[in-house]
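> prediction below, plus the sequence it came from.
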Amino acid sequence: MSILSKVEQQDEVSLLLRFFPRFLLFIVIFQSLVYFIHSDLWLSQFIQLALANNVAYIYQLFVGSIIVDGNLLKHIDSTRFLIVDNECTGLMLIASVSAVIMALNQPINNKIFMIIIAVLILHVENIIRISHLMYEIKEESNDFDFYHLYIWQFINFVTALLVVVGVERLPGNKKP
């Protein structure tokens, strides 16, 4: 084993040892923030209503009209409905991805830019997810649970990984 490969291995271990404590710190901070947002009735309802209206707008563009009653999305020609609650907001995923980004070895202005891009991508993905689930739940015999519990969880995970890798490779993101 060459001296250069030993130095590279030590650098990788050193990067990991610096990343992990920062990640833990930011995950605690951001997930606590999500907890407080979800605990605040006005703020959580505001986010739920905004998300429900975003989903309704996109759904009506591509599929058809639905009724929006607060955070309740209901099909006009069916008794089936979907409730957008705290777990639907995607804030926990956004907090986790943001914690990873904040733990990276990047200047703070790059991190803020990366988080903005990540939030936008994850929000769009979440709107598509809820719109699809709204479409899926329309029929009485549907695979809502399968899509909700398995397919979309996998897609969320892959999207989060791709977002982290993608935003780190954005032009101008140079390590200090």
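In hand now; what should we look at? Everything quoted here is computed from the prediction, not taken from an experiment.
> and residue 152, what is it in contact with?
129, 132, 133 (Cβ atoms under 8 Å, 6 or more residues apart in numbering). Where you see a C-beta, it was placed from the backbone N, CA and C, and this is true even at glycine.
> over to residue 131?
So residue 131 contacts 55, 58, 59, 62, 63 (Cβ under 8 Å, 6+ apart).
> ok, now how distant is it from residue 97?
Remark: distance between residue 131 and residue 97 (Cβ to Cβ, to the nearest Å) = 21 Å.
> contact partners for the closest residue to residue 19 other than its chain neighbours?
Using Cβ to Cβ, 6 or more residues apart in numbering and skipping residues adjacent in sequence, the residue nearest residue 19 is residue 103, 5.1 Å away. Residues near residue 103 by Cβ under 8 Å, 6+ apart: 19, 20, 22, 23, 25, 26.
> please compute how far the helix or strand encompassing residue 48 lies from its chain's middle.
According to DSSP states H and E, residue 48 maps onto helix 41-62. When C-alpha coordinates are averaged (Cα atoms, centre = their mean, to the nearest Å), helix 41-62 and its chain have centres 15 Å apart.
> for stretch 83-98, same thing?
On Cα atoms, centre = their mean, the centre of stretch 83-98 falls 6 Å from the chain's centre.
> quick one: contacts of it?
26-27, 30-31, 33-34, 37-38, 44, 47-48, 51-52, 55, 71-73, 115, 118-119, 122-123, 125-126, 130, 156, 160, 163-164.
> cool, and stretch 50-57?
Under Cβ under 8 Å, 6+ apart, the answer for stretch 50-57 is 66, 68, 70-73, 84, 88-89, 126-127, 130-131, 134.
> just the buried members of these?
Among the contacts of stretch 50-57, the ones that count as buried by 16 or more other Cβ atoms under 10 Å are 66, 68, 71, 73, 84, 88, 89, 126, 127, 130, 131, 134.
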